[in-house]
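> mind folding the following:
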Amino acid sequence: MKTLQFKNPEEIKSAIKQEIASVKDGRYVRRLDAILLIAEGRNAYEVAEIFGFSPRSIHGWINAVEENKSLTVLKDDPRPGRPGNLSDTQKNELREIIARPPIESGYEYSRWDGKLLSAHISQAYGILLGVRRCQKLFHELGFSYIRPRKMAYGGSEEAKEEFKKN
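Numbering: from 1, shown residues only. Just a heads-up that it's a prediction; the model follows:
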């Protein structure tokens, strides 16, 4: 029988790793697969090489399963992380506000930036967010942070085009 091979195996590997990372229990399933191979008689070092785990981790999982008589020890503990400063309602309000020019919100600016958004959030909600956090918030809310390109004032269009080329 002919051996099957991918035309671009590195791309496939990368896509599979991203998919496993995005699945809620992807890491748990991979650990189960590794333990299954160990139970079928494979060497821990061989299994570690197949899955990209460290042999020490596999030994730890085997010991934990043996000790607890349960496979649930292979699941990750919940990682809640730090709670966000803004509620979903506040984020939706901000999304609507940012979609309009700052002038409509009473600011004397032509575009939103991190400093202005930080000041607005502080004034409107009493929450202090840094400029960099506000810049990231633009992306989270579905906006891209694009500055207008500076153009020379006055002069002929031909001179401007010539300047751009050189």
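> alpha carbons only: can I get the helix or strand in which residue 121 is found in PDB?
In this assignment (DSSP states H and E), residue 121 forms part of helix 114-125. Presented in PDB, the C-alpha positions along helix 114-125 are these (Å, rounded to 0.1, in the frame of the first residue of the first chain):
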ATOM      1  CA  GLY A 114      -5.700  55.800  23.400                       C
ATOM      2  CA  LYS A 115      -5.300  59.000  25.400                       C
ATOM      3  CA  LEU A 116      -8.700  60.300  24.600                       C
ATOM      4  CA  LEU A 117     -10.400  56.900  25.100                       C
ATOM      5  CA  SER A 118      -8.700  56.600  28.500                       C
ATOM      6  CA  ALA A 119      -9.900  60.100  29.500                       C
ATOM      7  CA  HIS A 120     -13.400  59.300  28.300                       C
ATOM      8  CA  ILE A 121     -13.600  56.000  30.300                       C
ATOM      9  CA  SER A 122     -12.300  57.800  33.400                       C
ATOM     10  CA  GLN A 123     -14.900  60.600  33.000                       C
ATOM     11  CA  ALA A 124     -17.900  58.400  32.000                       C
ATOM     12  CA  TYR A 125     -17.400  55.300  34.200                       C
END
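> buried stuff in it?
Residues 114, 116, 117, 118, 120, 121 are the ones in helix 114-125 that count as buried (16 or more other CB atoms under 10 Å). To be clear about C-beta, it is placed using only N, CA and C from the backbone, and glycine gets the same treatment.
> what packs against that helix?
On a contact count with 3 or more CB pairs under 8 Å, 6 or more residues apart in numbering; DSSP states H and E, helix 114-125 meets helix 88-98, helix 131-140.
> of all the ones you listed, which lies closest to residue 55?
helix 131-140 (38.3 Å; CB to CB).
> for the helix or strand following that closest one, packing partners?
Reading on from helix 131-140 to the C-terminus, the next helix or strand found by DSSP H and E is helix 157-165. Packed against helix 157-165, as judged by 3+ CB pairs under 8 Å, 6+ apart, are no other helices or strands.
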